[in-house]
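**Q** Sequence and computational prediction follow.
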Amino acid sequence: MAFNLGIHTGQQDCTYEDLRRVWRLADASGFYWVSTWDHFYENPTVDGKGPCFEGVSIMTALAAETHRVRIGSLVFCMAYRHPAVLAKAAVTIDHVSNGRLELGMGAGWYALEHQAFGIPFPPVKERMDRLEEGVQVVKSMLTQETTTFRGRYYQVEDANCFPRPVQTPPRVWVGGGGEQRTLRIAARYANGWNVPYISPEAYRHKIQVLDQWCEKEGRDPREVTRTVNVGFWMGATQAEAQAERDRYAAQYGPQAGSRAGGMLFGTPKEVVERIAEYQDAGAQGLNIALRAPFNIDALQAFAEVVIPAFQ
């Protein structure tokens, strides 16, 4: 069985033309997936003034610029996305992409961007409750012509959703690694689950927890696709690999050591070996998460050497 490899483009500190170049490379080079994120500020944040494109509109552009890859979001923040409105946007993107949409949702974690934009940032329990309600609203909107939902935080009354999605229906993903709520929500409702920036060992443990929740929820764990995002700091040669390590250390500063377990370093051969560890841990796919400036030579080397190793 093929192991699906994708690209996660953090749309920060770059131009639209930079993004288009990466998307088109992915579309033409055998990648399975390209996704975007949902932030208002760059991450890691320096001063909040770094360019960062808005999530729904940039995902629509991604859909229009590509023809083959799956179009993902990892993940839309339920704390500032009303689920019924998000579902309408998702159906539009599914049509723009001709049925390639993969819709991811999460609870949100970045307090600064909420506070700066005047959006309430509730305690974690409320954010998780909103995520659980929101996933139900979105799934209903994508599978039913009319939705009524009466929750604590979201109320939808006879909400029509036309046109219907191209897919029947698009897959809904839940993102995050929280073992008490996030993984249970994924087990209960999601078609796919993704977690970013953790080591293969930590990923194996998360999958075990997800499987336990699936058992408690009466869900076949095979119904939930499992993927992981890892930072991409590969170099096409040994010298370039060292330069990427140095760039990583400079960008993440004091956080570099604690976050290194969820990053890909080294040459293409070393990266193949590292990805195989995630596959052995139970991942069905892996997305390399990019930070500008995008290393096109390394991406091409990944496409030429790494992708064929998992087909």
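**A** Alright, I've got the coordinates. Residues are numbered from 1 along each chain as shown.
**Q** drop to CA atoms for contacts and neighbour counts, all remaining ones
**A** Will do.
**Q** mind listing the helices in the stretch 1-150 of the chain by residue range?
**A** Secondary structure of the stretch 1-150 of the chain by DSSP state H, counting those that start in this stretch: the helices cover 16-28, 55-65, 83-96, 111-116, 124-143.
**Q** weakest of the ones you listed by average pLDDT?
**A** Note on the helices of the stretch 1-150 of the chain: lowest mean pLDDT is at helix 111-116, with a mean of 94.
**Q** what helices or strands is that one leaning on?
**A** The elements that helix 111-116 packs onto, with contact taken as 3 or more C-alpha pairs under 8 Å, 6 or more residues apart in numbering; DSSP states H and E, do not include any helix or strand.
**Q** hmm, who's touching that helix?
**A** Counting contacts by C-alpha atoms under 8 Å, 6 or more residues apart in numbering, the residues outside helix 111-116 that touch it are 39-41, 80, 120-121.
**Q** and what of stretch 249-260?
**A** 44, 197-198, 248.
**Q** Tell me the one among the contacts of helix 111-116 nearest to residue 73.
**A** Proximity of these to residue 73 (C-alpha to C-alpha) peaks at residue 39, which lies at 11.4 Å.
**Q** tell me the contacts of that closest one?
**A** If you count contacts by C-alpha under 8 Å, 6+ apart, then residue 39 has 52-55, 113 around it.
**Q** ok, so of these, who is nearest residue 292?
**A** Comparing the contacts of residue 39 against residue 292 with C-alpha to C-alpha picks out residue 52 as the nearest, at 11.1 Å.
**Q** Could you save the helices of the stretch 1-150 of the chain as TSV and add columns showing distance to residue 231 and mean neighbour count?
**A** Written out in TSV, the entries for the helices of the stretch 1-150 of the chain read as follows (distance: least, C-alpha to C-alpha, whole Å; neighbours: other C-alpha atoms under 10 Å):
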stretch	distance to residue 231	mean neighbour count
helix 16-28	16	16
helix 55-65	19	19
helix 83-96	26	21
helix 111-116	22	14
helix 124-143	25	21
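**Q** Let me know which of these is the nearest to residue 239.
**A** Nearest of the helices of the stretch 1-150 of the chain to residue 239, taken as C-alpha to C-alpha: helix 16-28 at 22.6 Å.
**Q** mind checking how far stretch 299-311 is from the chain centre?
**A** Using C-alpha atoms, centre = their mean, to the nearest Å, the distance from the centre of stretch 299-311 to the centre of the chain it belongs to is 20 Å.
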